[in-house]
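*Asks:* Dropping a prediction and its sequence here:
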Amino acid sequence: MLSDIEISRNTVLRPIEAVAATLDIPPEAVYRYGPYKAKLEAGFVAKARAMPRGRLILVTAISPTPAGEGKTTTTIGLGDAMSLLGKRVMICLREPSLGPCFGAKGGATGGGRAQVAPMDEINLHFTGDLHAISAATNLLAAMIDNHLYWGNALNIDPRKIVWRRALDLNERALRRVVLGLDDGAVRESAFDITVASETMAIFCLARDLAELEARLGRIVVAETRDKRPVTAADLGAAGAMTVLLKDALQPNLVQTLEHTPALVHGGPFANIAHGCNSLIATETGLGLADWVVTEAGFGADLGAEKFLDIKCRIGGLMPEASVLVATVRALKMHGGVARSDLGQEDVEAVERGSSNLVRHVENLRKFGLPVVVALNAFAGDSAAEFAAVEAICARLGVEVYVCRHWAEGGQGAVDLAKAVVRLAEGDSARFKPLYPDSLSLVAKVERIATGLYGAGGVRYSPSASKRLAQIEAAGYGHLPVCIAKTQYSFSTDPKSLGAPTGHTLEIGEVRLSAGAGFVVVLAGEIRTMPGLPRRPAAEGIGVDGEGRIFGLS
C-alpha cells in the first residue's frame, strides 16, 4: 500500500493558475510559490470578500482517539465529491504546524486519495506564514525586554509581563525559561507553540491589514507598577508586527488530488487555541464559490464550539449544515476496546462507544445546525458494525453515510455530498451561538462545561478566579471564552472516554487575548507548548538521494 506522500507525489497536479481559473480567479491575482501553490493578491481578495456569499458547511468530529477519525480527510473528500456533483466548491483548511509533523500526530493535508497537495510542501515550510507569525510574536517580546533595558519609560512591572515567545515546534524544555542572564534583568517567562499564540489567533480573525494592525495594537503584554495595562501599541510594536505579517495575510491557494481548489491559511490548534482557519480565507471562499467546506479542529466540543462561538460570532458567518465524522474503530475505543483489539468485530463496543457520537450530535443541534454523520470506513470494519451505527443514528433522526474517500477519492463520498446539499438547501439551519455576549465570563464557561461537556460544575484555582474577576472589571466581560482542554475527552481526564457526566471542570489558569478578542481558560493538565513523544516522527523523516522527502505522514 502506498503511503500518503507517495500517493501525493504520484498524482499529476494542475498548474495553480489552472486551478484558480475554475473559480474565475485571474492570473494577475495569483502570486506563485512554485507551480502548485500560490497566494491570492490582497486587492482581489478584498473584492472577493465583498461578493455575495455561498453556503458554508462545517466538518467536525467525535472526540478523537489514536484509532483515527479522518476529519480533514473527510473535508477534502466531501469537497471533491461536491465537485463531482457539478458544484462550484472551495475547501478551507488550516495550515499544518511543524510540531505535530515531527512529533506524533503527523501532518494536516488529509490522507489516501483525499489530500491537498503538494503534501510535503504544505506540511513543511509552505509559504512561510507560520514563520512570519513566530517572528512577529518574538519581535514584540524583544521590544518589551528592550524597553525595560533602556529605562522602562512605561513603568512596566517585570513580574507582570504576560507576553510569551513562540516557536512552531514541540519543545517541552521551553515551557519555563529564565531571561536576562546576560544583562542582569533576570525574570521568568515561557514559550508557546506558535499555533497557540495570540498572534496566530489575531492573524486568523483579522479581515485586512488595517484590522490586523488594530488588533495587534490591542494586545495586552503586561501591567505597570500601578496596575495599568500595557499594550503592543504602547510599545510602538503593532506597525512592525504588521509589516512582518503583510504578505502572510494573503490566503494560500492549493488543490486536492482531484484538483478542487483549496485555501489553506492560518493554523491554530483546537485543544489549546481556537482551531479554525483564517476568517479572511473563509470569506474569500464564500465570495468565490457557491459552496465552502471547512473543518474545525479535534472534536465538536473543541473546534466546532470555538468555530461557532468565536469565529462565527466575530465574522458574522452563518453555517448551514454540519458533518460529524466518526469511525467504527474510534467508537470501539470509546466503548472500552484496546487499540490492539480494534480489528475484531465488536458490535456491543460500537454501541457503547456511540454515546460519544450521540452527545456530539445533540451538542451541534444546540447551535441550531442540521447534522449528518460521515462514517469514515476502514479496512476490517464489518457490515454489522456499520448497521449498529446506522440504527443509533436512526433513533436520533440523523442520516449516516459510510464514506470511502480515503481509498476512492471524491467518488467514495458522493452519497454524503448529496445529503449535505439536501440539508443545506432545505434551509433548516437556525444557527445561533451557545451564549450571548452579555453573560459573564464565569457563566459562559459554565454553559459550555455543563451544556456541552456534561460536567456537573466548574472549579477555579484561586489565581484563575482572581484573574477572571480582574478581566471582567477591566471591561472584557463581553468577550467569548476559548477553553483549552484535552481533546480526548469531554472531561479534563484524557482517559475518560465515551460521554462522561457529572465531572468537575478544573480551571487552573486564565489569559486575556484582548487583540484576538477572547479570553483563554485553561482546564486540567493542558499546556500551550506540547512536548515530543518518546519516539518522535522526526526520527523517521529524511531526504533520499534524489532530494525526495520520505517519512512524512
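*Replies:* Yep, it's here. Numbers count the residues shown, from 1 in each chain.
*Asks:* From now on I want contacts and neighbour counts done on CA atoms only, so please keep to that.
*Replies:* OK.
*Asks:* what sits against residue 356?
*Replies:* Counting by Cα atoms under 8 Å, 6 or more residues apart in numbering, residue 356 makes contact with 62-63, 331, 334, 497-499.
*Asks:* Please verify my assumption that residue 495 contacts residue 489.
*Replies:* Yes. Contact between residue 495 and residue 489 holds when scored by Cα atoms under 8 Å: they sit 7.0 Å apart.
*Asks:* counting contacts, what elements does the longest strand seen in the chain pack onto?
*Replies:* The strand that spans the most residues within the chain, counting by DSSP state E, is strand 504-513. For strand 504-513, the elements it packs on are strand 457-460, helix 462-471, strand 518-523, judged by 3 or more Cα pairs under 8 Å, 6 or more residues apart in numbering; DSSP states H and E.
*Asks:* Just give the strands next to that strand in its sheet, each with its orientation.
*Replies:* Using DSSP bridges, the strands paired with strand 504-513 are strand 457-460 (parallel), strand 518-523 (antiparallel).
*Asks:* Which one of these lies nearest to residue 113?
*Replies:* strand 518-523 (36.8 Å; Cα to Cα).
*Asks:* Quick check: buried residues in the closest one?
*Replies:* 518-523 (16 or more other Cα atoms under 10 Å).
*Asks:* do the same with stretch 534-545
*Replies:* Buried positions in stretch 534-545, judged by neighbour count with 16+ other Cα under 10 Å: 536-538.
*Asks:* Of residue 495 and residue 489, which one has the most company?
*Replies:* A direct count of neighbours by other Cα atoms under 10 Å for residue 495 and residue 489 places residue 489 higher, at 24 against 11.
*Asks:* Could you break this structure into its assigned domains?
*Replies:* Listed by automatic domain parsing, the domain ranges of the chain are 4-128+248-423, 129-242, 441-523.
*Asks:* who wins for proximity to residue 529 among the ones you listed?
*Replies:* Ranking these by proximity to residue 529 (Cα to Cα) places domain 129-242 first, at 4.7 Å.
*Asks:* tell me the contacts of the nearest residue in space to residue 136 that is not next to it in sequence?
*Replies:* Once flanking residues are discounted, residue 136 sits nearest to residue 241: 4.9 Å by Cα to Cα, 6 or more residues apart in numbering. Residue 241 makes contacts with 136-137, 139-140, 213, 216, as judged by Cα under 8 Å, 6+ apart.
*Asks:* Residue 492 too?
*Replies:* 485-486, 505-506, 523-525.
*Asks:* Look up phi and psi at the residue most central in space within the chain.
*Replies:* With distances taken as Cα atoms, centre = their mean, residue 275 lies nearest the centre of the chain, 2.4 Å away. The phi/psi pair for residue 275 (degrees, to the nearest 10) reads phi 70, psi 30.
*Asks:* tell me the contacts of it?
*Replies:* Counting by Cα under 8 Å, 6+ apart, residue 275 touches 267-269, 296-297, 302-303, 306-307.
*Asks:* what's the answer for residue 128, then?
*Replies:* Neighbours of residue 128 in contact, by Cα under 8 Å, 6+ apart: residue 248.
*Asks:* roughly how far apart are it and residue 409?
*Replies:* Residue 128 is 29 Å from residue 409, where distance means Cα to Cα, to the nearest Å.
*Asks:* Could you give the number of residues near residue 434?
*Replies:* Residue 434: 19 neighbours (other Cα under 10 Å).
*Asks:* And the buried residues of strand 518-523, which two are furthest apart?
*Replies:* Farthest-apart pair in the buried residues of strand 518-523 is 518 and 523; separation 15.7 Å (Cα to Cα).
*Asks:* Tell me the buried residues in stretch 438-457?
*Replies:* Buried residues in stretch 438-457 (16+ other Cα under 10 Å): 440-442, 444-450, 452-455.
*Asks:* and if you look at stretch 333-344?
*Replies:* 333-337, 342.
*Asks:* still on that earlier bit, can you tell me which of the contacts of residue 356 comes closest to residue 70?
*Replies:* Closest approach to residue 70 among these (Cα to Cα): residue 62, at 10.3 Å.
*Asks:* Any figure for the gap between that closest one and residue 71?
*Replies:* 9 Å.
*Asks:* Make sure residue 240 is indeed in a helix.
*Replies:* Yes. Looking at residue 240 with DSSP: H, G, I helix; E, B strand; the rest coil, it is inside a helix.
*Asks:* tell me the contacts of it?
*Replies:* Contacts of residue 240 by Cα under 8 Å, 6+ apart are residue 136.
*Asks:* so when I look at residue 309, I'm seeing a helix, right?
*Replies:* Yes. Per three-state DSSP, residue 309 lies within a helix segment.
*Asks:* give me the number of residues near the closest residue in space to it that isn't next to it in sequence?
*Replies:* Closest residue to residue 309 apart from its sequence neighbours, by Cα to Cα, 6+ apart: residue 433 at 5.1 Å. Neighbours of residue 433 under the rule other Cα under 10 Å: 17.
*Asks:* Contacts only, for residue 433.
*Replies:* The contact partners of residue 433, by Cα under 8 Å, 6+ apart, come to 308-309, 313, 367.
*Asks:* For the stretch 101-250 of the chain, just list every one of the strands.
*Replies:* Here the stretch 101-250 of the chain has its strands, by DSSP state E, counting those that start in this stretch, at 110-111, 114-117, 165-167, 177-179, 187-189, 191-193, 220-223, 229-231.
*Asks:* got a pLDDT number for residue 553?
*Replies:* Per-residue pLDDT puts residue 553 at 87.
*Asks:* wait, it sits on residue 6?
*Replies:* No. Judged on Cα under 8 Å, residue 553 makes no contact with residue 6 at a distance of 10.1 Å.
*Asks:* Which residue of these two possesses the greater neighbour count?
*Replies:* Comparing residue 553 with residue 6 by other Cα under 10 Å, the one with more neighbours is residue 553, at 22 against 16.
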